[in-house]
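In: Sequence and predicted structure below; questions after.
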Amino acid sequence: MKRLPNFISAICLSALGASASPPNVLLICVDDLRPELKSFGVDYIQSPNIDRLAASGRAFHRHYVNAPTCGASRYTMLTGQYGPYGNQALFARAKAMAQPDTSVPPSMPKWFRQHGYKTVSVGKVSHHPGGWGGEDWYDQNELELPGAWDRQLMPTGQWKHPRGAMHALAHGEIKPIGSFSENKMDAFQSEGDHDTDQHDGLIADAGLEQLENLASSHTPFFLAIGLIKPHLPFGSPQRYMDPYKEIELPPIPHPQKPDWRSTWHGSGEFMNQYHHYGRDPREDADYADEVRRHYAACVSYVDHHVGEILAKLEETGAAENTIVVLWGDHGWNLGEHAIWGKHNLFEEGLRSPLIISAPGLKSPGEKSEAVVETVDLFPTLVDLAGLDQPEFTHGTSLRPMLEDPHVSGHTAFGYSGKARTLRTDRYRFTLHEDGYAELYDHESAAGETQNIAQKHPDKVAELTQLLHERAAR
């Protein structure tokens, strides 16, 4: 175990202006949130609350998740380790923990719990909202993160159970079981007068209650609140859609399907599991814009709840000693490369927002252009809290970037079921299981629209070795 001597830890904490008492941690996870935020350069988006957090913290504009799907990405965030691909990754880990003579390192919340923190989760923090398995994801004896939380909550309201709340529309509408059910729900909706008419309003209300209770205690807390939108279906109350109804959207960058082999896919979740009434955004520009507007409305809906949470933190008086993190669990293609969804290793599938605000942060509001990755979050929060630094994590602390926004980053490693990828400062390199390579130069105007692997065999060989070294961690 890597432990900083007490006097060194105190010096490190004072560099960010933290108090002598252990800082609290407020982690806000947002599902399927690409960097579709005004503070990340998307001018037509209304995201004032997240933008204010970016203005008081450090926004990492080149943060990459390690896997472009919810379960595998949250595995890396919550364990600090690269892991299996797929949405059952955390349940597989929990199963391994139950085996005799099997040693599984503690998760991030468990690590904080072992160091005296009260740990609470609300909403979708691990893959299943609430963190349970079983039928309808409501079996509280089947946990995704055993031993992690003192309390884990998932309000369901009229949506009956966590599975129903995961894919929900207004009036308690639940997505039917089965990918190709004829009884599909709409892909998007703007309906309801109140925030709780769509499901995230319930999560936000429960999170506010937990935050108020934790802040009144003398015990440091680690509170994780997971909001589900803008995950499909793109449902939000009407008032969040109103500002986007008549706006002109910018063109979709590189909307063509790659004519070379890649990790492109046919957008099956979006196209096959929801009603589109005969329309296809890949062929219908007006419909594409309609989908994009509803995604934007969901972002504003989530932003409102983030604002409520941050206001409550201020109201309790705990803000001065709380580290706040906002993290998107992966990207989401809105038509780039003719993809409507995630599950790809292009830039849009892997880049997501990361904002960290810590007491006494130097140069607040200055963004970082350092390449960083999700596995860095565990060692970063442990570092900022002055706790023992675990040796088993695969990432590195982002404290240097928090102290100086101009510090450079490192390569970001990612993977899907059949390929692995590296994002360096200049290149994206993707290697398929059979050795086929994709190489994209982000200093070229062509970016990820031209695979230059065959023209640069030496660079491919160099990055292949680096990728294998990262994968072996």
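Out: That came through fine. Residues are numbered from 1 along each chain as shown.
In: Only C-alpha atoms, please: export the strand or helix carrying residue 369 in PDB.
Out: Residue 369 is located in strand 368-373, with elements delineated by DSSP states H and E. Only the C-alpha atoms of strand 368-373 are listed here, as PDB (Å, rounded to 0.1, in the frame of the first residue of the first chain):
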ATOM      1  CA  SER A 368      -7.200  21.300 -19.200                       C
ATOM      2  CA  GLU A 369      -6.400  19.900 -22.600                       C
ATOM      3  CA  ALA A 370      -4.400  17.000 -21.100                       C
ATOM      4  CA  VAL A 371      -5.400  13.500 -22.400                       C
ATOM      5  CA  VAL A 372      -6.700  11.700 -19.300                       C
ATOM      6  CA  GLU A 373      -8.900   8.600 -18.700                       C
END
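In: Of all the residues in it, which ones are buried?
Out: Neighbour counts over strand 368-373 (16 or more other Cβ atoms under 10 Å) mark 368, 370-373 as buried. Quick note: C-beta positions are derived from backbone N, CA and C, even for glycine.
In: got it, and stretch 100-112?
Out: Neighbour counts over stretch 100-112 (16+ other Cβ under 10 Å) mark 106-112 as buried.
In: avg pLDDT for that stretch?
Out: Stretch 100-112 shows a mean pLDDT of 94.
In: Give the residue spans of the stretch 101-250 of the chain that score low on pLDDT.
Out: Applying pLDDT under 70 to the stretch 101-250 of the chain flags the ranges 178-182.
In: can you give me the helices in it?
Out: For the stretch 101-250 of the chain, the helices defined by DSSP state H, counting those that start in this stretch cover 108-114, 162-166, 200-215, 238-241.
In: what helices or strands is the first one leaning on?
Out: Looking back up the chat, that one is helix 108-114. If you count contacts as 3 or more Cβ pairs under 8 Å, 6 or more residues apart in numbering; DSSP states H and E, helix 108-114 packs onto helix 70-79, strand 118-123, strand 221-227, helix 377-385.
In: which residues does residue 340 bridge with?
Out: residue 334 (DSSP bridges).
In: State whether it and residue 265 are indeed in contact, as I suppose.
Out: No - taking contacts as Cβ atoms under 8 Å, residue 340 lies outside contact range of residue 265: 10.0 Å.
In: what about the two, which has more around it?
Out: Ranked by neighbour count (other Cβ atoms under 10 Å), residue 340 and residue 265 place residue 340 first, with 25 against 18.
In: Could you find the residue nearest the spatial middle of this protein?
Out: The centroid of the chain falls nearest to residue 329 when counting by Cα atoms, centre = their mean (1.7 Å).
In: can you tell me how far residue 399 sits from residue 26?
Out: 18 Å (Cβ to Cβ, to the nearest Å).
In: So for the two, which sits in the more crowded spot?
Out: Neighbours were counted for residue 399 and for residue 26 using other Cβ under 10 Å; residue 26 has more, 26 against 18.
In: dump the residue contacts of the residue lying closest to the more buried one once chain neighbours are set aside.
Out: Leaving aside its chain neighbours, residue 26 sits nearest to residue 324 (4.8 Å; criterion: Cβ to Cβ, 6 or more residues apart in numbering). Neighbouring residues of residue 324 by Cβ atoms under 8 Å, 6 or more residues apart in numbering: 26, 28, 53, 57, 310, 313, 355-358.
In: Just to be sure, residue 324 is in a strand?
Out: Yes - using DSSP: H, G, I helix; E, B strand; the rest coil, the assignment for residue 324 is a strand.
In: State the pLDDT value of it.
Out: Reading off the model, residue 324 has pLDDT 98.
In: mind checking how far it is from residue 376?
Out: From residue 324 to residue 376 the distance is 16 Å (Cβ to Cβ).
In: same deal with residue 236?
Out: 31 Å.
In: and the two? which has more neighbours close in?
Out: The neighbour count for residue 236 versus residue 376, taken as other Cβ under 10 Å, is higher for residue 236 (30 against 26).
In: ok, and the closest non-adjacent residue to the more buried one?
Out: With sequence-adjacent residues excluded and distances taken as Cβ to Cβ, 6+ apart, residue 236 is closest to residue 301, at 4.0 Å.
In: now residue 320
Out: Closest residue to residue 320 apart from its sequence neighbours, by Cβ to Cβ, 6+ apart: residue 359 at 6.0 Å.
In: where's that neighbour, which helix or strand?
Out: Counting by DSSP H and E, there is no helix or strand that carries residue 359.
In: Now the terminal residues of stretch 183-190, how far apart.
Out: 20 Å (Cα to Cα, to the nearest Å).
In: chain center to that stretch, what's the gap?
Out: Its chain's C-alpha centre and that of stretch 183-190 lie 24 Å apart, by Cα atoms, centre = their mean, to the nearest Å.
In: can you list contacts of it?
Out: Outside of stretch 183-190, the residues within contact range by Cβ under 8 Å, 6+ apart are 167, 169-170, 173-176, 232-238, 240-241, 270, 273-276, 290-291, 294-295, 297.
In: re earlier: for the residue nearest to residue 236, pull up the helix or strand it's in.
Out: Assigned by DSSP H and E, residue 301 falls in helix 285-316.
In: Name the residues of that helix that come out as buried.
Out: Using 16+ other Cβ under 10 Å as the test for burial, helix 285-316 gives 287-310, 312-313, 316.
In: And the nearest residue to residue 138 once chain neighbours are set aside, how far from residue 226?
Out: Spatial nearest neighbour of residue 138, excluding adjacent residues (Cβ to Cβ, 6+ apart): residue 161 at 4.8 Å. Distance, residue 161 to residue 226, using Cβ to Cβ: 16 Å.
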